[in-house]
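> Give me coordinates for this.
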Amino acid sequence: MPIAMRKTNRFLLVGGLLVAIARPWAPASAQTAPSAPSGQQAPPPVVQAAEGFSVELVAGPPLTERPIVGAFDDHGRLYVAESSGSNDPVEQQLAERPHRVVCLEDLDGDGRYDKRTVFADRMMFPEGAMWLDGSLYVSAPPSIWKLSDRDGDGVADERVEWFQGKTLTGCANDLHGPYAGPDGWVYWCKGAFAEQTHLVNGRQWKTRASHIFRCRPDGSGLEPVMTGGMDNPVDVAFTPEGERIFSATFLEGDGRQDGLAHTVYGGMFGKEHGVLDGHPRTGELMPAITCLDAAAPCGLERYDGESFGPEYRDNLFLCEFNMRRVSRHVLTPMGSTFTGESSPMAWSDHVDFHPTDVLVDADGSLLVFDTGGWYKLCCPTSQLWKPDVLGGIYRVRRIGAQPIDDPRGLKLPWDQLTPEDLWARLADERPAVRRRASRALAALRATPQLQSFLEALASRPVDAILAGPEKRSHASRDVAALARAWALVQADAPQCRSLLRKLLTAQDESVRHVALQAASLWRDGAALAELRRIVLSDTPALRRVAAEALGRIGDRSAVPDLLAAAAKADDRVLQHSVTYALIELADPLATAAGLASEPPAVRAVALAAVDQMPGGGLTAADVVPSLNAENDDLRRIARWLVERHPEWGGELAGWFAEQLTRLDVGETRGDAESLRTLLPAFAGHVAIQNLLADWAADPSRAAAARALALGAMTAARLTEPPPAWTEALAAVIQQGDAELLGPAIEAVRKLPGAAQHSAALRVALEGASRDQKLAAQVRTAALAAVAAELAAVSPEQFELILDGLSNDATVVTRSAAAEAAAKAPLDAAQRRQLCQAVATVGPLELNRLLEAFAGARDEALGVELIAALKQSPALASLRLDLLRQTLAEYGPDVQRGVAELESLVNVDIQAQRNRIEELLPKMAGGDVRRGHTVFNSSKAACSACHRMGYAGGSVGPELSRIGEIRTERDLLESILFPSLSFVRSYEPVVILTADGRAVNGAIRDESDAAYVLVTGPNEEVRVPREDVEEVQPSTVSVMPAGLDKQLSEQELADLVAFLKNAK
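Alright, predicted model coming up:
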């Protein structure tokens, strides 16, 4: 039902200065929404803009409450997909479909919206909107819906499931989009890592990776244009020449995780992940254009208006959900790709201002969608669900910009325009008119009128094809030429293809660029001759697109041209496109000619292409000569290749021995970092196992080389210990070199059953655990490594365990002590003594100690354990599923105790909020320097799991810039209640195995062979896929709860202050 609104006061900010502050609504309430504190109302967001711009609120409740994304139709109506505020599990949302799409109208043309109509209700969580040819397309995982109003009443009366992804994961990031490309195709993003099956090029094609897909509006021709190991590709924008830029969460390290990337065809982006296996690669992952902090980038738009000024033309505007801002990105061509420079465009300091989409309106102003505070699902910066904190839509204008008359051309008689008229309108100064004219021309593709017009164009000289009358005010010549070139691509009639082939020789580089995009899109074999010329002689950007087109066309006669082009491929992106084209052509014999080429760049491309193409047959002998090449690109690709061929271990053993020798004598060319990466990949080969064993055990070798060999054993993740390694490790431990003892014992702990298979190793470990001259940390680690093989635990050994569990011990020592206690054959008296330790240990050790009590069936012991757990300051971190499993065979008194513990641990949400409200005022007195000490202390143990700068663990997210995206409240919530919400890529799972185990942790990697789970500091568990019964989302974070019981209130305040200062 339409709602008309009376005009009221709005926000107006001019150049960042607040002119008026009046919000036309009070926060809405819902039956299930948490109420605001009594007598308080959340202050409205104050949105500021770059100097010279104003910001005005143009739509808020009740017109729109929680806007997520939007799209304009040809008449200027704004379709807004908005949330109901639900954060229910996605399967429940799919069943209930509580969300909606509303249509907003500006009835008097003042830029503020006045009327709302519910266009489509009962929608699944909407994550993208596109208007195309009279219909609204909305992604609502697991599908994209085409919504049409056939009777003109403003309500969608036809719903077509246009695309079926058929997957819906816990964060619902399976789909974003769709987006209309300038080529007339539809693009969208697949996120998450659920397996999808699609028909691609006539064949069934399965993938778990992330992708950008495209197809024609009728759904035909589906294909991927990008593959990724990132969890969440979101939005796609297009440069004037049709280059795709996408926003995503994808970069790791240094706190800079998210950003923008140039979506070159076939490129692989993101982070290394098992989902990438099986997809062709051209080398290391592709680079980003712009790296951001953990910004959660989402809505992305290219500015094609005029009112902001020429310096803003073709800039990108990006919503950064976590940073509460919209940023401006200026792309500059560099080689075959771009560099990016960013600056703030619009922002707010309000904690619940979360921009999710940005649109350029027809008048050149910018609309910014603030979704409000409702979103919590899989969002660590939105710990509290706040559906009562509503959002709105803001308009950013250039101060003093001249108004545009009829910006959408609504006064034009569109149904009467001929092809000649539409061709003229493609030079209109109004972008919305140009876009509409292009689609209208494409709609005439099968008519005689268009065919006659195209024939007339074909008679013109090449550089006159895109000319027009231009007698009225019009866009610049280059804009008009590109608009007309893209109109020919969209129309896609046979004459259009012929015209675009001619345009491959146009003088205008941008026009040639569009023509190349068309040849690639269509796999236009008739353009082959020109493509072969361009790939060798044009600018880097055009050579790249020509290479892409040659690969897609599939004519193997182009292989020599591509190899010649490789010689001039002097940037990673151009090198990728040439390599990928060779992979698609799949001619191993012709491509192998490049292996003997003199230019290193050609050899690098040929190596990667032959390896990745079907039937390539690359051998170790082809690669080894390049492993120490002087040319950086050639050396890098050679080492990248050998890492992916563990079966080459025997042939590479000599090369590895040579590198270790160089390291042994102090030569830097030994490249220790590269060896640390490469050696574990070959540890399954006997020759490499023997090499590592020999180097580790030889006391005449330099300690650095021996430590590197031990590190390779640790990182190898073998399922069974090689005999040569157990002998070597025993020798190293018996030698007693203080510098090598720690790495050797760590290698034993990472090798399943190592001590079980070697009596000499057991003797060496027991001896180390008893050696009073050694540090307690080393002794405890040695005991943990051999604990499972002990016949009994001596009083001295048990005392070492108890000392190691002290809160004063280091995190590493406590972890080893907990492992030793869990594995060792403790007697009844020792278990009772361990109960006393349970009452005092920290959250990192508590759950591990439960294993020591499994299967004892001693009712008195079980009662003592329950009593100790009730006293534990780490009780909040107790895993109840593990407790129930551990004590399942105990008697009724213990089971009653388990039930009591469950009631203590399962604190309701309101109690958690009350605790936060109680502590939050006390956080004001925190000291940054003291907080740094707390962060690195053994009590808090933050640095054991989180990286800060160049130091720290990798169990949890990087925290170097956490203060930029989290408020004090957010930080406090995540410390106290880490299981409330999970950071993407760190969501915990429970893997149920065939033998009845339940393994809880965060997936670090998964492949066709196994899952690798992080379960704690320096703790990983490898679960072979063949042992997996089921993988379920877990509600228990790897990070333990209860730190507020371990730390004083002052220490907690200091820690929050330190984290907030990390920017």
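> Kindly state the beta-bridge partners for P233.
A248 (DSSP bridges).
> What residues does it make contact with?
The neighbours of P233, taking CB atoms under 8 Å, 6 or more residues apart in numbering as the test, are 176, 189-191, 210-212, 226, 246-248, 250. Where you see a C-beta, it was placed from the backbone N, CA and C, and this is true even at glycine.
> how close does it get to R544?
Noted for P233: a distance of 21 Å to R544, by CB to CB, to the nearest Å.
> can you check A693 too?
47 Å.
> Helices of the stretch 901-1050 of the chain, start to end?
909-919, 928-936, 968-976, 1043-1046, 1049-1060 (DSSP state H, counting those that start in this stretch).
> possible to save the ones you listed as CSV with mean neighbour count and distance to Y890?
Listed next are the helices of the stretch 901-1050 of the chain as CSV, based on neighbours: other CB atoms under 10 Å; distance: least, CB to CB, whole Å:
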stretch, mean neighbour count, distance to Y890
helix 909-919, 14, 29
helix 928-936, 18, 38
helix 968-976, 21, 31
helix 1043-1046, 20, 26
helix 1049-1060, 23, 36
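> weakest of those in terms of mean pLDDT?
Among those, helix 1043-1046 carries the lowest mean pLDDT, a mean of 71.
> Just the pLDDT for L377.
74.
> Find the nearest non-adjacent residue to it, please.
Spatially, and ignoring its direct neighbours in sequence, L377 is nearest to N87 (4.8 Å; CB to CB, 6 or more residues apart in numbering).
> same deal with A50?
That would be M345: by CB to CB, 6+ apart, it lies 5.4 Å from A50.
> what do you get for R556?
Closest to R556 by CB to CB, 6+ apart is D587, at 4.5 Å.
> Tally up the residues packed near that neighbour, please.
18 (other CB atoms under 10 Å).
> Next up, phi/psi of it, please.
phi -120, psi 90 (degrees, to the nearest 10).
> Ok, C171 next?
phi -100, psi 0.
> For it, which non-adjacent residue is closest in space?
Spatial nearest neighbour of C171, chain neighbours left out: C378 (3.7 Å); criterion: CB to CB, 6+ apart.
> between A693 and R544, who's got more neighbours?
The neighbour count for A693 versus R544, taken as other CB under 10 Å, is higher for R544 (29 against 22).
> what's downstream of the least confident helix or strand in the chain by mean pLDDT, the next helix or strand?
Among the helices and strands of the chain, strand 17-20 carries the lowest confidence by mean pLDDT, DSSP states H and E, at a mean of 29. Once the chain leaves strand 17-20, the next helix or strand it forms, by DSSP states H and E, is strand 47-49.
> What mean pLDDT does that next one get?
Average pLDDT, strand 47-49: 96.
> hang on, the earlier thing: what's the distance between the residue nearest to C171 and N232?
9 Å.
> Please identify which of those two sits among more neighbours.
Shown here are C378 and N232; by other CB under 10 Å, N232 has more neighbours (24 against 20).
> Surely the more buried one and F193 touch.
No: using CB atoms under 8 Å, N232 makes no contact with F193, being 10.7 Å away.
> what is in contact with these two at once?
Contact criterion CB under 8 Å, 6+ apart; residues shared by N232 and F193: S210.
> which regions of the stretch 351-500 of the chain sit below the pLDDT cut-off?
Applying pLDDT under 70 to the stretch 351-500 of the chain flags the ranges 379-385, 470-475.
> got any ranges where the stretch 651-800 of the chain has weak pLDDT?
667-670.
> Mind jotting down where the helices sit in it?
672-678, 686-697, 703-715, 723-735, 738-750, 759-770, 776-786, 795-804.
> want to throw the ones you listed into TSV with distance to M613?
Shown next, in TSV, are the helices of the stretch 651-800 of the chain (distance: least, CB to CB, whole Å):
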stretch	distance to M613
helix 672-678	23
helix 686-697	27
helix 703-715	30
helix 723-735	36
helix 738-750	36
helix 759-770	45
helix 776-786	45
helix 795-804	54
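> R66: what's it in contact with?
82-85, 371-372, 374, 387, 390-391.
> Show the pLDDT at G39.
39.
> Can you give the domain ranges for the chain?
3-398, 408-504, 523-644, 645-886, 921-1060 (automatic domain parsing).
> Can you get me the centre-to-centre distance for the last one and its chain?
Spelled out, that is domain 921-1060. How far domain 921-1060 lies from its chain's middle: 18 Å, per CA atoms, centre = their mean, to the nearest Å.
> Endpoints of it, how far apart?
Start-to-end span of domain 921-1060 (CA to CA, to the nearest Å) is 15 Å.
> partners of the longest strand seen in the chain, with directions?
Determined from DSSP state E, the single longest strand within the chain is strand 337-348. In the sheet, strand 337-348 lines up against strand 47-49 (antiparallel), strand 325-334 (antiparallel) (DSSP bridges).
> Tell me the helix or strand right after it.
Downstream of strand 337-348, the next assigned helix or strand under DSSP H and E is strand 355-360.
> what lines up beside the helix or strand just after that following strand in the sheet?
Next helix or strand after strand 355-360 toward the C-terminus (DSSP H and E): strand 366-370. With DSSP bridges as the test, strand 366-370 is paired with strand 355-360 (antiparallel), strand 392-398 (antiparallel).
> Return the host helix or strand of L607 as PDB; C-alpha atoms alone will do.
Using DSSP H and E, L607 falls within helix 600-612. Backbone C-alpha positions of helix 600-612 (Å, rounded to 0.1, in the frame of the first residue of the first chain) are rendered in PDB as follows:
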ATOM      1  CA  PRO A 600      63.300 -15.000 -19.100                       C
ATOM      2  CA  ALA A 601      59.700 -13.600 -19.300                       C
ATOM      3  CA  VAL A 602      58.900 -16.100 -22.100                       C
ATOM      4  CA  ARG A 603      60.300 -19.000 -20.200                       C
ATOM      5  CA  ALA A 604      58.300 -18.000 -17.100                       C
ATOM      6  CA  VAL A 605      55.000 -17.800 -19.000                       C
ATOM      7  CA  ALA A 606      55.700 -21.100 -20.800                       C
ATOM      8  CA  LEU A 607      56.500 -22.900 -17.600                       C
ATOM      9  CA  ALA A 608      53.300 -21.900 -15.900                       C
ATOM     10  CA  ALA A 609      51.200 -22.500 -19.000                       C
ATOM     11  CA  VAL A 610      52.500 -26.000 -19.800                       C
ATOM     12  CA  ASP A 611      52.100 -27.000 -16.200                       C
ATOM     13  CA  GLN A 612      48.500 -25.900 -15.900                       C
END
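> nearest to G666, of the strands paired with strand 366-370?
Closest to G666 of the strands paired with strand 366-370, according to CB to CB: strand 355-360, at 54.1 Å.
> which other residues reach that closest one?
67-72, 298-305, 317-321, 324-326, 346, 366-371, 431.
> Restricted to helices, list these.
P431 (DSSP state H).
> closest one to D995 among the strands paired with strand 366-370?
strand 355-360 (45.1 Å).
> just how off-centre is the closest one within its chain?
That offset, for strand 355-360, works out to 20 Å (CA atoms, centre = their mean).
> same thing with stretch 155-173?
Distance, centroid of stretch 155-173 to centroid of chain: 22 Å (CA atoms, centre = their mean).
> cool, and stretch 749-769?
Distance, centroid of stretch 749-769 to centroid of chain: 40 Å (CA atoms, centre = their mean).
> Next: stretch 844-854.
That offset, for stretch 844-854, works out to 34 Å (CA atoms, centre = their mean).
> Having no further points to raise, I will conclude here.
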